[in-house]
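Undergrad: quick one, what's the 3D model for this:
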Amino acid sequence: MSGNMPPGTPFPGDQDPDRTVAYRTPRPPQQGLPQQGPPQQGSAHTAGWPISEEFGPAAPSPPTRKGMRGWIVALVAAIVVGVVGGGGVWAAAKLSGGGTQPHEVLPGNAIAYVRIDLDPAANQKIAMFDIARKFSATKETFSGDDPRKAAFEALRGNDPKLSHVDYAKDIEPWLGDRIGFAVLPPAQKGADPGPVLAVQVKDEEAARAGLTRMSSGAAEREPMGIAFRDGYAIVAPDQSAADRYAATPPLSEDSRFTGDMDALGEQGVLSFWGDLAQIAQLSTPREATPAALELLKDARFAGALRFGDDYAELTGTARGTDVKTGQTEAVKLGDLPSSTAAALGVTGLGTILQDKWADIEKALGSQSRAPEQYGLTMPDDLVTLLGKSFTLALDGEDLNLATPLGGTGPKVGTILETDPAKAESVLAKLEAAGADAGQAAPGKAHGDGKLIFATSQDYADKLATAGTLRDSESFQKAVPGADDAGFALYADLDKLETLYINDLEGEAKANVAVLRAVGLSGTITEGAAGFTLRVVFN
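TA: As a prediction, this is how the structure comes out:
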């Protein structure tokens, strides 16, 4: 896979500079592009929206509509559902990466951004279509060889207002390979965020006609603004906004955005970015404490959808967090028994909890004392249990969640890498609380600096011995970089499906049978975290 780093590679933490936008010298006006500079007298700009003076006025959302038209939002949503949700994934190497990207034309004050590439190289088209054809929901839609047509047909199938639009006549002649969508900050307090769409086009005149036709299916057609910039149609709620956005310094000049995307590496078929601090301010309930928002004050996230021959992966990074300590150990799920059906491991949580307890306590309020009802002393006892790492495992042998009379039920165990003596005293408090509730004492075993407890003694002993899960092909595919991961999750769906496959019928059963395994692996460093989530197909 090409790019700056392969999937599963740890992302280095760093100190991010404050968000800055370096303005470029305005380009000479191009044919079909709006002139940069102040608006003409009498234009719709005179009714302007208040926004920061960096970007000039932005138009207010009229009271009769909120944000952009439904079809514009549906366009991005349907492409994501049609291409991603249907199992359509491409190998990330050798994407057709030349030319202008959407972030080079969308406004630089965006707080969230999504980019989609609809035309990867030939081998990646084959991979995407092969995977999409495994699922009944997308088998027919992906019967051809044009991802753009497949995406549009998925959109039209979910929006009856587009039934009058013909792909070959109205869309194909002008539609380019990339689409970008950005969410802008509210123009004023209490207003909705502002959406803007960037669609790569091959013919501006045909694009204007095609986009207008797509919006003409509504019973009451609303006005729509379309401007052009560097080979893209900029689509906004009105013409004034479209013209302004086409002349605004772009997101590519935001040093935080470019730094985050560089750390992400290969951006694949779909990539996204968001300013967590600004998003949290818009979506957090009013009762949220300032301490909770403080944890995210400089945080951003970025991610990309990428592909292998028989798996799809979502790789992401979070940077600018207020975490001062990172992982010191690896969870090494590969040491679990080969019969493991599912497992979760996390390292360094004890250190992070101890370091950030004051902030967590302020954020949670009285809920931070909830564990005290079980006799625990907070945060010391929880820090002891979490220790260097903890791992939770479910065995795949004799898997039966509905315990019959006299049966043993599922085998579940926990491995604590910590001070065994201290952890056992904490566990004794939990056992006492469990005994009062009628629960049996767990089976226990000890390893090198580890305390293991499980639903049965035989499973505790099994977990105390190094296993060979790392030799499993499904595990290797689903959990890249497992031996170095600070946190990891694994689910062998071929083992787990015995719990639910018999309750399914027809297409649902066939679709589930395609899924082989799911895995998550990642690292936590000072001020940053990275992860790779994979779905492996049979």
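Undergrad: show me the strands in the stretch 51-200 of the chain, by range?
TA: Assigned strands in the stretch 51-200 of the chain, in chain order: 112-117, 175-184, 194-201 (criterion: DSSP state E, counting those that start in this stretch).
Undergrad: so which of these is nearest Gly387?
TA: Evaluated over the strands of the stretch 51-200 of the chain, closeness to Gly387 peaks at strand 112-117, with 37.0 Å, by C-beta to C-beta. To be clear about C-beta, it is placed using only N, CA and C from the backbone, and glycine gets the same treatment.
Undergrad: name the helices or strands packed onto that closest one?
TA: Counting by 3 or more C-beta pairs under 8 Å, 6 or more residues apart in numbering; DSSP states H and E, the packing neighbours recorded for strand 112-117 are helix 70-80, strand 175-184, strand 270-275.
Undergrad: that strand pairs with which strands, parallel or anti?
TA: Strands that pair with strand 112-117, judged by DSSP bridges, come out as strand 175-184 (antiparallel), strand 270-275 (antiparallel).
Undergrad: show me how this structure divides into domains.
TA: Using automatic domain parsing, the domain parsing of the chain gives 46-307, 323-537.
Undergrad: including mean pLDDT, distance to Leu314 and mean neighbour count, could those go into TSV?
TA: TSV is the format used below for those (pLDDT from 0 to 100; distance: least, C-beta to C-beta, whole Å; neighbours: other C-beta atoms under 10 Å):
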stretch	mean pLDDT	distance to Leu314	mean neighbour count
domain 46-307	73	6	19
domain 323-537	82	5	18
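Undergrad: quick one, which of the ones you listed is nearest to Gly316?
TA: By C-beta to C-beta (comparing all of the domains of the chain), the closest turns out to be domain 46-307, at 3.4 Å.
Undergrad: now Val479: closest residue in space that isn't a chain neighbour?
TA: Spatial nearest neighbour of Val479, chain neighbours left out: Gly519 (3.9 Å); criterion: C-beta to C-beta, 6 or more residues apart in numbering.
Undergrad: for Leu386, same thing?
TA: Distances taken as C-beta to C-beta, 6+ apart put Gly350 closest to Leu386, at 3.7 Å, once the chain neighbours are dropped.
Undergrad: confirm for me that that neighbour is in contact with Asp380.
TA: No - using C-beta atoms under 8 Å, Gly350 is not in contact with Asp380, being 10.2 Å away.
Undergrad: give me the neighbour count for the closest residue to Phe537 other than its chain neighbours.
TA: Beyond its immediate neighbours in the sequence, the residue positioned closest to Phe537 (C-beta to C-beta, 6+ apart) is Asp310, lying 5.1 Å away. Here the number of neighbours of Asp310 (other C-beta atoms under 10 Å) works out to 16.
Undergrad: list the contacts for Asp310?
TA: Taking C-beta atoms under 8 Å, 6 or more residues apart in numbering as the contact definition, Asp310 lies against Ile131, Lys477, Arg516, Val536, Phe537, Asn538.
Undergrad: got phi/psi on it?
TA: Its backbone dihedrals place Asp310 at phi -130, psi 30, with angles given as degrees, to the nearest 10.
Undergrad: do you know how far it is from Gly210?
TA: Between Asp310 and Gly210 the distance is 37 Å, computed by C-beta to C-beta, to the nearest Å.
Undergrad: again, but for Gly259
TA: If you measure Gly259 against Gly210 using C-beta to C-beta, the figure is 36 Å.
Undergrad: can you check Pro237 too?
TA: According to C-beta to C-beta, Pro237 stands 19 Å off from Gly210.
Undergrad: for Thr347, same thing?
TA: Distance, Thr347 to Gly210, using C-beta to C-beta: 52 Å.
Undergrad: what segments of the stretch 351-500 of the chain are helices?
TA: Taking DSSP state H, counting those that start in this stretch, the helices of the stretch 351-500 of the chain run over residues 380-386, 420-436, 457-463, 473-478, 493-496.
Undergrad: OK, contacts around the residue lying closest to Gly387 once chain neighbours are set aside?
TA: Sequence neighbours aside, Thr418 is the residue nearest to Gly387 in space, at 2.5 Å (criterion: C-beta to C-beta, 6+ apart). Taking C-beta under 8 Å, 6+ apart as the contact definition, Thr418 lies against Gly350, Thr384, Leu385, Leu386, Gly387, Lys388, Phe390, Gly449, Lys450, Leu451.
Undergrad: what bridges to the nearest residue to Phe272 once chain neighbours are set aside?
TA: Leaving out its chain neighbours, the residue that sits closest to Phe272 by C-beta to C-beta, 6+ apart is Val114, at 4.7 Å. With DSSP bridges as the criterion, Val114 is bridged to Phe181, Phe272.
Undergrad: so how far is Asp483 from Val114?
TA: When distances are taken as C-beta to C-beta, Val114 and Asp483 turn out to be 33 Å apart.
Undergrad: and what of Ile352?
TA: For Ile352, the distance to Asp483 (C-beta to C-beta) stands at 21 Å.
Undergrad: one more: Ala421?
TA: According to C-beta to C-beta, Ala421 and Asp483 sit 28 Å apart.
Undergrad: packing partners for whichever strand or helix holds Arg213?
TA: Secondary structure from DSSP states H and E places Arg213 in helix 204-215. If you count contacts as 3+ C-beta pairs under 8 Å, 6+ apart, helix 204-215 packs onto helix 70-80, strand 194-201, strand 225-229, strand 232-236.
Undergrad: got the contact list for Lys477?
TA: When contacts are counted by C-beta under 8 Å, 6+ apart, Lys477 touches Gly308, Asp310, Tyr311, Arg516, Ala517, Gly519, Arg534, Val536.
Undergrad: go on, Pro371?
TA: By C-beta under 8 Å, 6+ apart, the contact set of Pro371 is Met378, Asp381, Leu382.
Undergrad: out of those, who's nearest Met214?
TA: When the contacts of Pro371 are compared for distance to Met214, the smallest value, 54.4 Å, is given by Leu382; criterion: C-beta to C-beta.
Undergrad: picking up where we left off before, in PDB, list the C-alpha atoms belonging to the helix holding Arg213.
TA: The C-alpha trace of helix 204-215 is given here as PDB (Å, rounded to 0.1, in the frame of the first residue of the first chain):
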ATOM      1  CA  GLU A 204     -19.100  23.600 -16.500                       C
ATOM      2  CA  GLU A 205     -22.100  24.400 -18.700                       C
ATOM      3  CA  ALA A 206     -23.300  20.800 -18.600                       C
ATOM      4  CA  ALA A 207     -22.600  20.600 -14.900                       C
ATOM      5  CA  ARG A 208     -24.800  23.600 -14.200                       C
ATOM      6  CA  ALA A 209     -27.600  22.100 -16.300                       C
ATOM      7  CA  GLY A 210     -27.200  18.700 -14.700                       C
ATOM      8  CA  LEU A 211     -27.200  19.900 -11.100                       C
ATOM      9  CA  THR A 212     -30.200  22.200 -11.800                       C
ATOM     10  CA  ARG A 213     -32.000  19.200 -13.200                       C
ATOM     11  CA  MET A 214     -31.200  17.100 -10.200                       C
ATOM     12  CA  SER A 215     -32.800  19.700  -8.000                       C
END
